[in-house]
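Visitor: What shape does this take:
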Amino acid sequence: MVMDRKIRVIMAKLGLDIHWRGVYLVSQFLRDAGMEVIYLGNKFPEQIVEAAVEEDADVVGLSTLGGNHLTLGPKVVELLKEKGLENVRVFMGGVIPPKHIPVLKEKGIYEVYGPDTPMEVIINGIRESVQVN
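Guide: Numbering: from 1, shown residues only. All right, here's what the predicted structure looks like:
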């Protein structure tokens, strides 16, 4: 699918996690790569999905360092499906134990990125995910 508009990305910190620098930097790199980024700050799944609906998002990016990734991340996927938005890809980044990555993917997280992931990998992953929609 060829996009006739910029890729729209919702970026949020999951829950009450206060570590904002990484998600903020990724948001800026995505903007620099030509994407439209809506940074929500700290939000819970219901608020994130509401924003995805309102903003006609193609992608939701979740950042977590607070240990809530196994519950709140899949909840975002579940709520998107309930709204008929199963085509919105959910990406997650942060400090996530490697053994949790397959569990998250099983529960619908499209891709999981650790702290040392090169920015090009994230940008290309988002572009490719939107093209297969």
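
Visitor: how far does the helix or strand bottoming out on mean pLDDT in the chain sit from the chain's center?
Guide: Least confident element among the helices and strands of the chain, by mean pLDDT, DSSP states H and E: helix 21-32 (a mean of 89). Relative to its parent chain, helix 21-32 has a centroid offset of 12 Å by CA atoms, centre = their mean, to the nearest Å.

Visitor: cool, stretch 38-49 as well?
Guide: 10 Å.

Visitor: Show me what the mean pLDDT comes to for it.
Guide: Per-region confidence: stretch 38-49 scores 94 on mean pLDDT.

Visitor: what residues does that stretch touch?
Guide: 8-18, 20, 23-24, 27, 51, 55, 57, 60, 62, 72, 75-76, 78-80, 83, 85 (CB atoms under 8 Å, 6 or more residues apart in numbering). C-betas here are computed from N, CA, C, even on glycine.

Visitor: Please put the alpha-carbon coordinates of it into PDB.
Guide: Extracted C-alpha coordinates of stretch 38-49, given in PDB (Å, rounded to 0.1, in the frame of the first residue of the first chain):
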ATOM      1  CA  ILE A  38       1.700  12.900  18.300                       C
ATOM      2  CA  TYR A  39       3.500  12.500  21.700                       C
ATOM      3  CA  LEU A  40       1.100  11.900  24.500                       C
ATOM      4  CA  GLY A  41       3.400  11.700  27.500                       C
ATOM      5  CA  ASN A  42       2.300   9.300  30.300                       C
ATOM      6  CA  LYS A  43      -1.000   7.600  29.500                       C
ATOM      7  CA  PHE A  44      -2.900   4.400  30.200                       C
ATOM      8  CA  PRO A  45      -4.100   2.100  27.500                       C
ATOM      9  CA  GLU A  46      -7.600   3.600  27.200                       C
ATOM     10  CA  GLN A  47      -6.200   7.100  26.700                       C
ATOM     11  CA  ILE A  48      -3.700   5.800  24.200                       C
ATOM     12  CA  VAL A  49      -6.300   4.000  22.100                       C
END
